[in-house]
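Novice: Predicted model, plus sequence, below.
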Amino acid sequence: MIILWIPPGFAHGFSVLSDEAIFHYRCTQYYSKEHERAILYSDNDLAIDWNTPNPIISPKDLEAKLFKDIEKDFIYNLTP
C-alpha cells in the first residue's frame, strides 16, 4: 500500500500502468461538487507525459478545462 498526502486545493492526477488499481481518497472536508475542479489531462501548456499511449479517460475528465481557463478560487480557509 502506498499513502500519498495531497494538500487541499492541490491539483493531482495519476496514470495506472497495470491492469487494475485500487485508489482510496481521504479528504479533510466533506465533498463539495461546486468546489470541484478538473484540468484536462492533455493540456499542452502542462506538457505531462503520462506514459500511456491509449489512455482510458472518464467522461468527466474528458470535459475538463485547460489549466489557464479554470477558476482560481480553490484556495480556501482550512480552519473548521
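Specialist: Alright, I've got the coordinates. None of the values given here were measured: they were computed from a predicted structure.

Novice: give me the number of residues near the spatially closest residue to Pro8 that is not a sequence neighbour?
Specialist: Nearest-residue entry for Pro8: Thr28, 5.4 Å, with adjacent residues in sequence omitted and distances by Cβ to Cβ, 6 or more residues apart in numbering. Heads up, the C-betas are built off the backbone N, CA and C, glycines and all. For Thr28, the neighbour count with other Cβ atoms under 10 Å is 8.

Novice: let's have the chain start at 415 instead
Specialist: Yep, numbering from 415; the last one is Thr442 now.

Novice: Against Trp419, how distant is Thr442?
Specialist: 10 Å (Cβ to Cβ, to the nearest Å).

Novice: all helices of this structure, in order?
Specialist: Along the chain, counting by DSSP state H, helices occupy 473-476.

Novice: Okay, now the unreliable bits of it?
Specialist: 487-494 (pLDDT under 70).

Novice: can you give me the strands for it?
Specialist: Taking DSSP state E as the criterion, the chain contains no strands.

Novice: Contact partners for Leu460?
Specialist: 453, 481 (Cβ atoms under 8 Å, 6 or more residues apart in numbering).

Novice: What separation do you get for it and Ile471?
Specialist: Applying Cβ to Cβ to Leu460 and Ile471 gives a distance of 15 Å.

Novice: Also Pro421?
Specialist: 25 Å.

Novice: Tell me how many other residues surround the nearest residue to Glu477 once chain neighbours are set aside.
Specialist: Excluding its sequence neighbours, the residue lying closest to Glu477 (Cβ to Cβ, 6+ apart) is Ala452, at 7.6 Å. Neighbour count for Ala452, taken as other Cβ under 10 Å: 15.

Novice: mind checking how far Leu431 is from Pro469?
Specialist: 11 Å.

Novice: Name the residue in those two with the higher neighbour count.
Specialist: Per other Cβ under 10 Å, whichever of Leu431 and Pro469 has more neighbours is Pro469, with 12 against 9.

Novice: what residues are up against that one?
Specialist: 429, 455.

Novice: got it, and the one 10 residues further on?
Specialist: Each residue near Lys479 by Cβ under 8 Å, 6+ apart is listed here: 451-454.
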